[in-house]
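A.B. asks: Let me see the structure of the following:
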Amino acid sequence: MSRNSKKIVNISKVLRKNTTDTERYLWRYIRNRQIEGLKFRRQQPIGQYVVDFVNFEKKIVIELDGGHHTAEIIKDKQRDNWLKVEGFRVLRFWDNDVFKNTQGVLEVIRNMILSGPSPRLSHKGRGDERS
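C.D. replies: Sure thing, here's the model as predicted:
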């Protein structure tokens, strides 16, 4: 394992131990294969990034954005683009949407799971899919 890989793994471990309220809240709904029987992992390293949640079977990444992300739009876009090139579909939700519209957020996730095709085929050239 390279030095950078070890660093990313260590970061993911720290993030798992220090989850945000929003991450803990959403995790209650998506853990233990509660959505369409799919396993999600939290604070998972993928390449040089650590994503909030991922399902590797359907290649879906879920990112939760608090107010600090308004200052990181360019970084988030670069990260999303890299993940899309790697075949992942990326869903971004604002923290307040997770709390105020939980069922709507879960429905968007479920619809993404059921929609199936690779983002390379169906989402080419699209911007982020923030809900």
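
A.B. asks: Could you verify that Arg24 is part of a helix?
C.D. replies: Yes: counting by DSSP: H, G, I helix; E, B strand; the rest coil, Arg24 is found in a helix.

A.B. asks: pLDDT at it, what is it?
C.D. replies: With respect to pLDDT, Arg24 has a value of 95.

A.B. asks: now swap in Asn4 and tell me
C.D. replies: At Asn4, pLDDT is 75.

A.B. asks: Pull the number of nearby residues for it.
C.D. replies: By the measure other CB atoms under 10 Å, the count of residues near Asn4 is 10. In this view, the C-beta of every residue, glycine as well, is placed from N, C-alpha and C.

A.B. asks: Chain neighbours aside, what residue packs nearest to it?
C.D. replies: If the residues on either side of it in the chain are set aside, Asn4 comes closest to Gln48, at 7.0 Å by CB to CB, 6 or more residues apart in numbering.

A.B. asks: in stretch 51-64, what counts as buried?
C.D. replies: 51-55, 58-64 (16 or more other CB atoms under 10 Å).

A.B. asks: can I get the CA coordinates of it in CSV?
C.D. replies: Provided in CSV are the C-alpha atoms of stretch 51-64 (Å, rounded to 0.1, in the frame of the first residue of the first chain):
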residue,chain,number,x,y,z
VAL,A,51,-16.9,9.7,-0.1
ASP,A,52,-19.7,9.9,2.5
PHE,A,53,-21.5,6.8,1.3
VAL,A,54,-21.1,4.4,-1.6
ASN,A,55,-22.7,1.3,-3.0
PHE,A,56,-20.2,-0.5,-5.2
GLU,A,57,-22.7,-2.8,-6.8
LYS,A,58,-24.6,0.0,-8.5
LYS,A,59,-21.7,2.4,-8.3
ILE,A,60,-23.7,5.1,-6.5
VAL,A,61,-22.0,7.8,-4.3
ILE,A,62,-24.0,9.9,-1.9
GLU,A,63,-22.4,13.1,-0.6
LEU,A,64,-23.9,15.3,2.1
